[in-house]
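# Sequence plus predicted model, see below.
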Amino acid sequence: MKRSNRAWLLFPIVIAGIVIVGLLVSNYQKEMGIAEPSEGGRAAVAATFAALELSRGTSPDAYKTYSDALLVAAVAKRNMAIINVADTRLDHQLTKVFDCLLAAREAWQAQVDRTWGDEVHGTAVYWQAMHPAIGASGDRLTAPAVREISVARASETLEEATRLVAD
């Protein structure tokens, strides 16, 4: 076999190797220690933790406090600068957490305002369409059940986000 033929055979292998290394480096910067989430991301996680803690309240006053904390967390998330892949992954996790926390807020608000309708709010289809991150299922749902499911899912997802910002 000629030398030039061998070079042409190795060329695609070298290109494939470069592509694989490039994909690994670009997607796993956090794990490789190349990139860390920004300070804004850390602030967003802290604010989201505060909102998550307040989501377990039961009174109408606790609902208002929770809504305010959720607004603060949303502003912190919106102010988060997306600089690298670690920030992008953190933003994705926080988006799922917010979907869950907003579902909990919606269920709580319907309960406080006494506007909960079993034919709408009580169906899993409604929650799957409006807040897919909670993964609601079942025949009939109640406001406390939706809140419990939402808060549990938000807690799980926020743990994943915390691992991204942990040193």
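Happy to help now that I have it.
# Which secondary structure element of this protein has the lowest mean pLDDT?
Every helix and strand of the chain was ranked by mean pLDDT, DSSP states H and E. The lowest is helix 29-32, at a mean of 58.
# For the longest helix seen in the chain, list every residue counted as buried.
What stands out as the longest helix in the chain, according to DSSP state H, is helix 85-112. The neighbour-count check on helix 85-112 (16 or more other Cβ atoms under 10 Å) flags 85-87, 89-91, 93-94, 96-111 as buried. Placement of C-beta: from N, CA and C, glycine included.
# what's the answer for stretch 143-156, then?
Buried, per 16+ other Cβ under 10 Å, within stretch 143-156: A143, V146, R147, I149, S150, V151, R153, A154, S155.
# Run through who's touching that stretch.
Stretch 143-156 is contacted from outside by 52, 55-56, 97, 100-101, 103-104, 107-108, 110-111, 116, 121, 127, 131, 133-136, 138, using Cβ atoms under 8 Å, 6 or more residues apart in numbering.
# show me what contacts the nearest residue to A46 once chain neighbours are set aside?
Excluding the flanking residues, the one nearest A46 by Cβ to Cβ, 6 or more residues apart in numbering is A76, at 7.7 Å. Applying Cβ under 8 Å, 6+ apart, one finds that A76 lies in contact with G40, A43, A44, A46, A47, T48.
# so the fifth one makes contact with D68?
This points to A47. No. When contacts are counted by Cβ atoms under 8 Å, A47 is not listed as touching D68 (11.2 Å).
# Show me which of these two is the more surrounded one.
Neighbour totals were compared for A47 and D68, and A47 leads with 21 against 12 (other Cβ atoms under 10 Å).
# As PDB, could you dump the C-alpha coordinates of whichever helix or strand that one is part of?
In the assignment (DSSP states H and E), A47 maps to helix 39-54. What follows is helix 39-54, C-alpha atoms only, in PDB (Å, rounded to 0.1, in the frame of the first residue of the first chain):
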ATOM      1  CA  GLU A  39     -21.800  34.200  40.700                       C
ATOM      2  CA  GLY A  40     -25.200  35.200  39.300                       C
ATOM      3  CA  GLY A  41     -25.900  31.400  39.000                       C
ATOM      4  CA  ARG A  42     -25.000  30.900  42.600                       C
ATOM      5  CA  ALA A  43     -27.300  33.800  43.700                       C
ATOM      6  CA  ALA A  44     -30.100  32.400  41.600                       C
ATOM      7  CA  VAL A  45     -29.700  29.000  43.300                       C
ATOM      8  CA  ALA A  46     -29.700  30.600  46.800                       C
ATOM      9  CA  ALA A  47     -32.800  32.600  46.000                       C
ATOM     10  CA  THR A  48     -34.600  29.500  44.600                       C
ATOM     11  CA  PHE A  49     -33.700  27.600  47.800                       C
ATOM     12  CA  ALA A  50     -35.400  30.300  49.800                       C
ATOM     13  CA  ALA A  51     -38.500  30.100  47.700                       C
ATOM     14  CA  LEU A  52     -38.500  26.300  47.900                       C
ATOM     15  CA  GLU A  53     -38.400  26.500  51.700                       C
ATOM     16  CA  LEU A  54     -41.300  28.900  51.800                       C
END
